[in-house]
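Asker: Here is the input, now give the coordinates:
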Amino acid sequence: MAETQYVIVGGGLAAASAIEGIRELDKDGPITVLTSERELPYHRPPLSKTFLAGKDRVEAVRVHEAAWYPKNRVTVRLGQTAKSVHIAKQGVTLESGDRVPYDRLLLATGCRARKLNAPGVDTPGVFYLRTLQDCYALRSALKPGTKAIAVGGSFIGMEVAATARHLGSEVTVLEVGPTVYPRFADPSLSAFFARILESQGITVRTGTRVARFRAQDGKLAAVVTEDGGQIAANVAVVGVGAEPNTDWLATSGFSIDRGGVIVNVRLETAGKNVWAAGDIARFPDPVTKQPRRLEHWDNAQAQGKQAGRNMAGAAEPYTHQSAFFSDLLDITINVLGETDNPDSVDIRGSTDVQAPNLTALYVRGFRLTGAVTVNLNSVDRSAELEKLQKSIAAGTVPES
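Answerer: Purely as a prediction, here's the structure:
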């Protein structure tokens, strides 16, 4: 019997996890990874935290060491950008013109940083943070005394602000909306996170839109806000969201909704023998049963593994509940389930910025759909997190 030829388009965590999933069931079928990056798969969360701070070597952020890939019969083709998929002929066409045939295909092309439409955004000193190369460039620019601005008050902006402050920069966060962490949907919780940063000397300005970036002598000198104010800056990091890399699939025959490739409970696309996982997959959420697309580490890892197993014949439903974490200085934030559009948010515990220990419960339709926990990273709340996940699965709100 001929060996199954597996092809994975994308070189991030979902791709690396899919290899693991395939190899759990198929030890021999050759696997080809096509990635536009020139790096082996790596973890992205450290890019705004420990790796940006210089605490990790590059080897620590790679998903697997280089020797792992040939050992597992995996060919990684770096710097190869996919142009289209021909479902009927089962082939991927690259921008180089090469065609790569497949028996089973995984789409895992992830996201790119959303660009900010503002004059001067290409000025030296203005950065985006999505890739390892982005991080190298930003890390070399953040020095003690640097005036740094984080444009965007969600995860990337807040994490970069905290890390830049740790490195000795003077830091300001600019958020166009009325609150930071807008997806947490509770103004009091957002205000609490703003106070955490402010307690470390970081300025947080909400309701502030960037009008342009002003250069002097060819380098960034200031960020000009829509109200005409100017904030001196040597470095600005734009973190205003991400966009799924699905444009290349527009003519390939897949069902795509708001940038996400629609998959069923087994992560199968509308194309025969084609699966999708990670940032680009719009999948049936196991909690809400509604279509959902997520851009988090945990989702990429879990979906990649399940997609790989299913490519190798498992045909199993994806039942993993969403869970991810973030760090701000010495504080850990865990986000479980679905926190969008709740009917109510019940915050329990301490909101002391020096020693927080709280749980926010998100309820929709009298069912618990999500939770956020906040505590010092020295505190182990793993048992509580496990109980919360069970409560979310059951839809039951824990007693006070």
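Asker: Just the strands from the stretch 101-250 of the chain, written as ranges.
Answerer: 104-107, 111-113, 126-128, 147-151, 170-174, 203-205, 210-216, 219-225, 230-232, 235-238, 242-244 (DSSP state E, counting those that start in this stretch).
Asker: which helix in the chain runs the most residues?
Answerer: Taking DSSP state H as the criterion, the chain has its longest helix at helix 297-311.
Asker: Could you name the helices and strands sitting against that one?
Answerer: Counting contacts by 3 or more CB pairs under 8 Å, 6 or more residues apart in numbering; DSSP states H and E, helix 297-311 is packed against helix 13-25, strand 104-107, strand 274-276, strand 323-328. To be clear about C-beta, it is placed using only N, CA and C from the backbone, and glycine gets the same treatment.
Asker: Which one, of those, ends up nearest to Val63?
Answerer: Evaluated over those, closeness to Val63 peaks at helix 13-25, with 4.0 Å, by CB to CB.
Asker: and the gap between the closest residue to Pro356 other than its chain neighbours and Ala141?
Answerer: Spatial nearest neighbour of Pro356, chain neighbours left out: Val374 (4.8 Å); criterion: CB to CB, 6 or more residues apart in numbering. Distance from Val374 to Ala141, counting by CB to CB, to the nearest Å: 30 Å.
Asker: which of those two has more neighbours?
Answerer: Val374 (26 against 18; other CB atoms under 10 Å).
Asker: surely that one meets Val335?
Answerer: No. Taking contacts as CB atoms under 8 Å, Val374 lies outside contact range of Val335: 10.0 Å.
Asker: coming back round to it: and the average pLDDT for the longest helix of the chain is what?
Answerer: Mean per-residue pLDDT for helix 297-311: 98.
Asker: can you count the residues close to the nearest residue to Glu226 once chain neighbours are set aside?
Answerer: Leaving aside its chain neighbours, Glu226 sits nearest to Arg209 (4.2 Å; criterion: CB to CB, 6+ apart). Neighbour count for Arg209, taken as other CB under 10 Å: 13.
Asker: i'd like the first residue to be 13 from this point on
Answerer: Got it, the first residue is 13 from now on, which makes the last one we talked about Arg221.
Asker: Verify the stated contact: Arg221 with Val236.
Answerer: No. Judged on CB under 8 Å, Arg221 makes no contact with Val236 at a distance of 10.3 Å.
Asker: The lengthiest strand in the chain pairs with which strands?
Answerer: In the chain, assigned by DSSP state E, the strand with the most residues is strand 379-388. The pairing partners recorded for strand 379-388 under DSSP bridges are strand 343-349 (antiparallel), strand 369-376 (antiparallel).
Asker: and the angle from that strand to strand 335-340?
Answerer: When axes from the mean of the first three to the mean of the last three CA atoms, to 10 degrees is applied, the directions of strand 379-388 and strand 335-340 differ by 30 degrees.
Asker: Just the C-alpha atoms of strand 379-388, please, in PDB.
Answerer: Output in PDB follows, covering the C-alpha atoms of strand 379-388 (Å, rounded to 0.1, in the frame of the first residue of the first chain):
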ATOM      1  CA  ARG A 379     -25.400  29.600  31.700                       C
ATOM      2  CA  LEU A 380     -21.700  30.000  32.600                       C
ATOM      3  CA  THR A 381     -19.900  30.400  29.300                       C
ATOM      4  CA  GLY A 382     -16.500  31.800  30.400                       C
ATOM      5  CA  ALA A 383     -14.300  32.900  33.300                       C
ATOM      6  CA  VAL A 384     -11.200  35.100  33.900                       C
ATOM      7  CA  THR A 385      -8.900  34.500  36.800                       C
ATOM      8  CA  VAL A 386      -6.200  37.000  37.900                       C
ATOM      9  CA  ASN A 387      -3.500  36.300  40.500                       C
ATOM     10  CA  LEU A 388       0.200  36.600  41.200                       C
END
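Asker: Now that strand: buried residues?
Answerer: Within strand 379-388, the residues that count as buried by 16 or more other CB atoms under 10 Å are 379-387.
Asker: Can I get those residues in a markdown table including pLDDT and distance to His98?
Answerer: Output for those, formatted as a markdown table (pLDDT from 0 to 100; distance: CB to CB, whole Å):
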| residue | pLDDT | distance to His98 |
| --- | --- | --- |
| Arg379 | 94 | 43 |
| Leu380 | 95 | 45 |
| Thr381 | 94 | 40 |
| Gly382 | 95 | 40 |
| Ala383 | 96 | 44 |
| Val384 | 97 | 44 |
| Thr385 | 97 | 46 |
| Val386 | 97 | 48 |
| Asn387 | 97 | 50 |
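Asker: Go through those residues and say which is closest to Glu280.
Answerer: Thr381 (25.6 Å).
Asker: Return the distance of the residue nearest to the closest one when sequence neighbours are not counted relative to Gly189.
Answerer: Here the nearest residue to Thr381 in space, its sequence neighbours aside, is Glu350; by CB to CB, 6+ apart that works out to 4.5 Å. Glu350 sits 20 Å away from Gly189, taking CB to CB as the criterion.
Asker: more crowded one of those two?
Answerer: Neighbours of Glu350 and Gly189, each counted by other CB under 10 Å, are more numerous for Glu350; the result is 22 against 15.
Asker: Can you give me the pLDDT of that one?
Answerer: 91.
Asker: Contact partners for it?
Answerer: 297, 299-300, 304, 334, 374, 376, 381-382 (CB atoms under 8 Å, 6 or more residues apart in numbering).
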